[in-house]
Every structure is written in C-alpha cells, then in structure tokens.
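Undergrad: kindly generate the corresponding structure for this input.
(2 chains)
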Amino acid sequence: MTIFFILGIPLLLALAALVVRKKDVFGAVNSAGYLIVLCLSSGLLRQAVFLKRDIACFSFIYLDALSVFFIFVISVVAFASALYSIGYLKREMGRGVISEKKAGAYYLFFNLFCCSMFFVPAVNNLGMLWVAIEMTTLISALLVGFYNKKESVEAAWKYIIICSVGIIFALLGTILFSYAFAISGLSKSLNWSDMAPVAHILDKNILKAAFIFILVGYGTKAGLAPMHTWLPDAHSQAVAPISALLSGVLLKTAIYAILRFGIIVIKGVGFAYFAHLMILLGVISLIVSSGFILVQKDLKRLLAYSSIEHIGIISIGFGLGTPLAIAGALFHIFNHAVTKSLMFFGAGNIVNVYREHNMNVIRGVIKALPFTGIMVLLGCFALAGLPPFSIFFSEIMIIIAAFTSSSYLVAGLLLLFLAVIFAAFIYHFGKMLFGNIPNEMKAGGEPLSGKMAFLFLFSLVCVSGALLIYAGKDLIWLAQKLFQV
Amino acid sequence: MQVMILFAVLVLTYLMVIAKRVPALIRGFRFQSLFLFLATGLAAFKEKQMELYFISGLILLVKFFLIPHFLNLTARKIKVDENLGLLVNPQLSLICALALTYCSWVLSGNLGFGQRPLQLAAVSVAFSVIFIGAFLMISRMRAFTQVIGILVMENGIFLFASAVTGGMPFFVEIAIFLDVFISVLIMGIFVYRINKLFTHIDVNKLSQLKG
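TA: Okay, here's the model as predicted:
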C-alpha cells in the first residue's frame, strides 16, 4: 500500500506545480512532500530488508529487498535535491536567468522525473520497466536542455538520441527474454516474478544473445564505458539539482534493470557469463574515466567522468559475485549517490558564483564560499575514498572480495586506477579550493535550504560507514539472496 | 499474404535508404507503418482477438496519421532544406542495407528461428529493419533523419515482437505507443530549438562539448 503513496506523491506535486503561483512557497511544499516519501520508503526498507518480507500488489507491482533498496536510494537523493532546488531557483530567478513561469516548468518536470524513476524498481513487468526507463530519458532531456543555450541543447540532443537508440536494443533483448520464456512451453508473460523461478529451463543460447542486447541497451543508460558518450555532456549541462539526480540515481536505475535480467541469466546460463561481461565493462569504464579525469578542465565534466568510474566499480562488484562483493556494490550504490549529489550541489554553488566551469579560472573557493568550500573539500576526500567516509568502506569491501576470490588482476587494476583518480581529484580540487579569490569577486551568502541539503547528505556520508556495523548482517543477507532467487 | 506484407516492409525500408529528400523519407515511414497495420489487422482477423484489432487501430492512428503529420508540420515550420546530409551516397547505402539484411538472416538463423520458414522470414525482415534504421541514423547527419531512424527501428521492434511472441502484453504495447509518441514530440521540440539556436540542423556541426 505504501508504494502507491510513494508513486502518488510526486504525481500530485507535479499537478500542484502547474497550479501554485508562488514558486518559493511551492519549493518548501515540494521538499516536505519528498520528506514524506523518504519516511515511507525507509518504512518499506525496514519491512523488506530487516523483516525480510516481499511485497506484491496484484501482478503489476512487485517489491523485494532489491527494489526497495533502490527506491530508498532514489528517495534520499530526491529529497536532498528538492531541498537544494529552493535556494538554487531563487538565486536564478533573482538574477533573471529564468522566469517564474519557467520555475513552474522546472518543478513539473522535476516531479515527473522522480515519479518515473520510482516506477522503475516498482514494476514487475519487464516491458513496463523498459517504458519507465525510456520515460526517465524523455523527461530528463527536457531538464538537460532547460537553459536553452547552444551547449545545453546540444547536450540534450545527444542524450536523447544516444539513449533512445541504446534502449531500443534493450527492448529487443526484453522481447528475446520473453521469447525464451514462451518457447519453454509455459504461459506467455513478461512478469519478472514469473520468469525468475523457471530461469533454469530457458534456452541458453537465446538468453545469452538477449543479455548482450540488454547490456548494450541499459549499459548505455548506466554510462558503462564504450557507450558513455552522452553522459559528460548531459551531466555538465543540466541544472545543478538535476545533475545530482542524473548521476546519483538515474544511472543506478539502469543498473537495477541490468541486475533484474542478470539474475535470470545467472540462473539460466551460469554465473561466469554474467561475471565476465560485467567485469569487462567495469574495467573499461575505470580506464576510460581515469584518463579523462586526469586531463579534465571542466568542473562538472570532472564529476560526470567520476560517475562513470563509480559505475565501473559497482559493475565490477556485481561481476565478482561473492556475497561480500555484492554487498559492497549495493553499499557503493548508496554511498556514491549521496556523495556525488553533495559534490554536484557544491559544483552548482561554485559555478553560480564564479559564472565559470573552467577549473583553471576558479580559485579560492574556501574564501569566497566558506561553507560550500569546506563541504566540497570533505566531499572530494569522501569521493576519492579516504577512510572515515562511507565510499572507503564499500570500495574496500569490493577490493577484499576481489582478492579473496583470487581475481588478482581485477584487484590490481582497481587499486591502480583508484590511486590515479585519487591523485587527480586532490590535484584539481586543491587548486580550485585554495588560493586567492579573483579581485572583482565578492563573497556571497548561501541560502539556508541549500545548507540543509548539504548537511543532510554530509551526515549520511559520515554515518553510513558506522551503519555497516549495525546493518552489515542484513546487507550480507540481501547480497546472498540476490543471485539465487 | 503475410509474405507479401513482409516483402513490402523490406522494400519500403530500402526506398528510405535511397531517398534523397526529407518528404520522401517521411512518406517511406508512413507506408511502412501502413503495412504494419495491415499485418496486425490480418493477425487480428485470423485469431479473432479484440486486443489486436485495437492495437492495429492504434498503429494506424499514431504511426500513419499523427507522427508523420507532426513531422511534416515541423519540417515545414523550420523550412528544412531538402538535403539529407548524406555521409554515404545512396548507391553505397543500398549495398550496405543489402549486406545488413544478409547479416540479419544469418543472425536469426543462429538464434534458432530456422524451424518455421515464415517466422524465419519475419524475424529476418524485423532485424534488417532495425539495423537499417540504425544505419540511417549513423549515415544521415541531420537531426530530422535521426528521429526517423529511431522510428524505423521502433517499427522493426514491433514487427519482431509480433513475429516472435505474437506481440507483447496488451498494456505494455499501449504504454510503448504512448512512449514513442511522446518521444517524437520531445525530439520535435529539440529539432526546433536546434534550428533556432544554430540556424541549421546539421548534427555533424554540434561539436561544442568535448573531452
């Protein structure tokens, strides 16, 4: 029952965005709505992960621990993003970059985007899963091209074309899966809960071919390396709160789709096939992204390439497939979503004050924006994987798992590229954060709602490492259960 | 009858490959959709399924009337020049398309569709329509052509689904139609904006974002 509220509240807010005139009031209502969604989804998480119960509503909605986990991650980032949007839009409206009417359109698309993302983990039918993911592309393309400048329209066009074509291949893969199911003599169905239990009797060759299509299709959306070309453009041109949503959770919903099909393939074909493909794509993502991170000049593109890196780590984690690695990958999904949103908010504030994306021009952020500067400094350490913060824990889990399953090559590559990226991050951010501010700059204040969003995310970055002690067993349980339906 | 329809779909795809002007391309898509409508209507008549009748009606409405009409409207509004921005000339394109058709025939044989000849033919045609759609997108560097390429690929997917599993579940099919329609509307908006901001729709020249 709760799930209908989670899906319904964003829809209601989208309708309200059309009606309400005063946009700063609406911003507060919006955040309150997402706070409720966050509470509801943590309730669901408790039910599904800690009390270990699956939830099915008719045959349309099916929630197990995996989907509830993703819904929870989406709701965390959506709440932070709604909170941050208030101050961000106020400033943009104050500067006259966007009109009141355009702010209304922003909230409309924001809510529709969140709603479509909540649909992805909730639906049972694999065809509807495809429709929901395609819907996220279409709505977020409007938010990527929101400023209607040359660069943003170019980014939005690349985004919508590359992702639509990619995802058509995913639909082809979905149809092949349903064909494999149909010729096995069972009734015709596209429901995941019907397919997964009988995966072992499905035709192996068809499953293999279908999974390639799925991986190419949803991999494009997830930003896995050879298909990632749309990602840096879209992430760097989107409105700052939307960049956080794109990088923090949109990529993860595509990973969710890959996992759903992956579970069927593992059961039908065997684990090695799935593992090799995931590890291969993960390692390519790491290599490509580390190169671009080293030579990057644009602040938001740097963060976008870092998303590709982390998606690579997550995919390696799932590819290794031991319970520890899967738990690490799941934990990493949460950690990356939280930390990267924090960084995109910080980048949004910096770009807003300096009017500049180029990292060679930005200097002395800590002096100009003391609060944002410190948050970005800590966030940069967290993102690079320094110990007290949560990303360190999930990365070390995956690396330990790689060593214990004697995949030394993977572990070595992972460590090597993490070190390279760590160095690049400290170099880029050190230059930007410290030093003297340009002469004509004046230090600006930061809105309270923005600060609250930062503090909310930052507390999660710090605390979730400790959360592992409390909930580690449940996470391992989820990981163990994941690949053995 | 079904073989005739499949043949017509394939020929129309080739015609789109050698088309040199935008209106011809839109017309090609329109008639391809018409034949999909005929195929679905035929299947509905044979199996006496209400749902299939409904879906074939939807094809006629969305893909034969609404989308081509909207595309024509946009083309007229932005005064698209007739040129398609061919990277590969029509003769070579046709050879590529034939090669892709052969590949899809081999692929569908390998996937195990060889038992029933009619299904093999349908699957091969579907794969070639999908691949040729992708080829159209890559080799024609105008924003407009890319939209049509996606639509052609989508037609191929529909053909594939109906050949392989007798179509997807009813409400999924409806949702996909809605989805395609919305995507064409949104892409239309962007074609319009690209034209306004850049004063051209040559995708080759969209190269501000790099690295």
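
Undergrad: so where's chain A shaky on pLDDT?
TA: Low-confidence regions of chain A, defined here as pLDDT under 70, cover residues A:51-53, A:56, A:187, A:439-445, A:485.

Undergrad: in it, what residue is nearest chain B?
TA: Taking C-beta to the nearest C-beta as the measure, chain A has residue A:127 as its residue closest to chain B, at 3.4 Å. All C-beta atoms are positioned from the backbone trio N, CA, C, and that covers glycine.

Undergrad: could you pull up the residues touching that residue?
TA: In this structure, residue A:127 makes contact with A:174, A:178, A:190, B:168, B:169, B:172, B:175, B:176, judged by C-beta atoms under 8 Å, 6 or more residues apart in numbering or on different chains.

Undergrad: ok, now with 7 Å
TA: By C-beta atoms under 7 Å, 6 or more residues apart in numbering or on different chains, the residues touching residue A:127 are A:174, A:190, B:168, B:169, B:172.

Undergrad: up against chain A, what does chain B have?
TA: By C-beta under 7 Å from any C-beta of the partner chain, the part of chain B that sits against chain A consists of B:111-112, B:130, B:134, B:137, B:143, B:146, B:150, B:153-154, B:157, B:160-161, B:164-165, B:168-169, B:172, B:175-176, B:179, B:182-183, B:186-187, B:190, B:193-194, B:197-198, B:206, B:208-209, B:211.

Undergrad: buried subset of these, written for ChimeraX?
TA: Here is the ChimeraX command that selects only those of the residues of chain B next to chain A that count as buried (16 or more other C-beta atoms under 10 Å in any protein chain shown):
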select /B:111,130,134,137,143,146,150,153,154,157,160,161,164,165,168,169,172,175,176,179,183,186,187,190,193,194,198,206,209
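
Undergrad: what helix or strand does the residue of chain A closest to chain B sit in?
TA: In this structure, residue A:127 sits in helix A:126-144 according to DSSP states H and E.

Undergrad: mind saving the C-alpha coords of that helix as CSV?
TA: Backbone C-alpha positions of helix A:126-144 (Å, rounded to 0.1, in the frame of the first residue of the first chain) are rendered in CSV as follows:
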residue,chain,number,x,y,z
LEU,A,126,9.8,-6.2,-17.8
GLY,A,127,8.1,-4.3,-20.7
MET,A,128,6.9,-1.7,-18.3
LEU,A,129,10.4,-1.5,-16.8
TRP,A,130,11.5,-0.5,-20.3
VAL,A,131,8.8,2.1,-20.7
ALA,A,132,9.6,3.6,-17.3
ILE,A,133,13.3,3.9,-18.1
GLU,A,134,12.6,5.4,-21.5
MET,A,135,10.3,7.9,-19.8
THR,A,136,13.1,8.9,-17.4
THR,A,137,15.2,9.7,-20.5
LEU,A,138,12.5,11.8,-22.2
ILE,A,139,11.6,13.9,-19.2
SER,A,140,15.2,14.5,-18.0
ALA,A,141,16.2,15.5,-21.6
LEU,A,142,13.9,18.5,-21.1
LEU,A,143,15.7,19.3,-17.9
VAL,A,144,19.2,18.9,-19.5
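
Undergrad: quick one on the thing from earlier: any idea how far residue A:171 is from the residue of chain A closest to chain B?
TA: Going from residue A:127 to residue A:171 by C-beta to C-beta, to the nearest Å gives 8 Å.

Undergrad: for the residue nearest to residue A:176 when sequence neighbours are not counted, helix, strand, or coil?
TA: Once flanking residues are discounted, residue A:176 sits nearest to residue A:210: 3.5 Å by C-beta to C-beta, 6 or more residues apart in numbering or on different chains. Each residue gets one of three states, and residue A:210 gets helix by DSSP: H, G, I helix; E, B strand; the rest coil.

Undergrad: which residues does residue A:210 contact?
TA: Taking C-beta under 7 Å, 6+ apart, we find residue A:210 in contact with A:173, A:176, A:177, A:180.

Undergrad: please list the members of those that lie in strands.
TA: Among those, none falls in strands (DSSP state E).

Undergrad: most neighbours among those, which one is it?
TA: If you count neighbours using other C-beta atoms under 10 Å in any protein chain shown, the busiest of the contacts of residue A:210 is residue A:177, which has 27 neighbours.

Undergrad: that one and residue A:217, how far apart?
TA: Using C-beta to C-beta, one obtains 12 Å as the distance from residue A:177 to residue A:217.

Undergrad: residues near residue 64, how many?
TA: Picking chain A for this. For residue A:64, the count of nearby residues is 22 (other C-beta under 10 Å).

Undergrad: my question was about chain B
TA: Residue B:64: 18 surrounding residues under other C-beta under 10 Å.

Undergrad: so which residues on chain A come close to chain B?
TA: Neighbours of chain B within chain A, by C-beta under 7 Å from any C-beta: A:125, A:127-128, A:131, A:134-135, A:138, A:141-142, A:145, A:148, A:150-151, A:153-157, A:160-161, A:164-165, A:168, A:171-172, A:175, A:178-179, A:182, A:188, A:190, A:205-206, A:209, A:233, A:292.

Undergrad: now the strand or helix carrying residue A:111: buried residues?
TA: Using DSSP H and E, residue A:111 sits in helix A:100-122. Within helix A:100-122, the residues that qualify as buried are A:102-122, counting by 16+ other C-beta under 10 Å.

Undergrad: thought residue A:7 was touching residue A:115?
TA: Yes: with the criterion set as C-beta atoms under 7 Å, residue A:7 and residue A:115 qualify as a contacting pair; they are 6.5 Å apart.

Undergrad: I'd like the distance between residue A:283 and residue A:160.
TA: Residue A:283 sits 29 Å away from residue A:160, going by C-beta to C-beta.

Undergrad: the two: who's more crowded?
TA: For residue A:283 and residue A:160, the more surrounded residue by other C-beta under 10 Å is residue A:160, and the numbers stand at 26 against 20.

Undergrad: quick one: residues contacting the spatially closest residue to that one that is not a sequence neighbour.
TA: In space, residue A:160 comes closest to residue A:141 once its chain neighbours are excluded; the distance is 4.2 Å by C-beta to C-beta, 6+ apart. For residue A:141, the contacting residues are A:156, A:159, A:160, B:186, taking C-beta under 7 Å, 6+ apart as the criterion.
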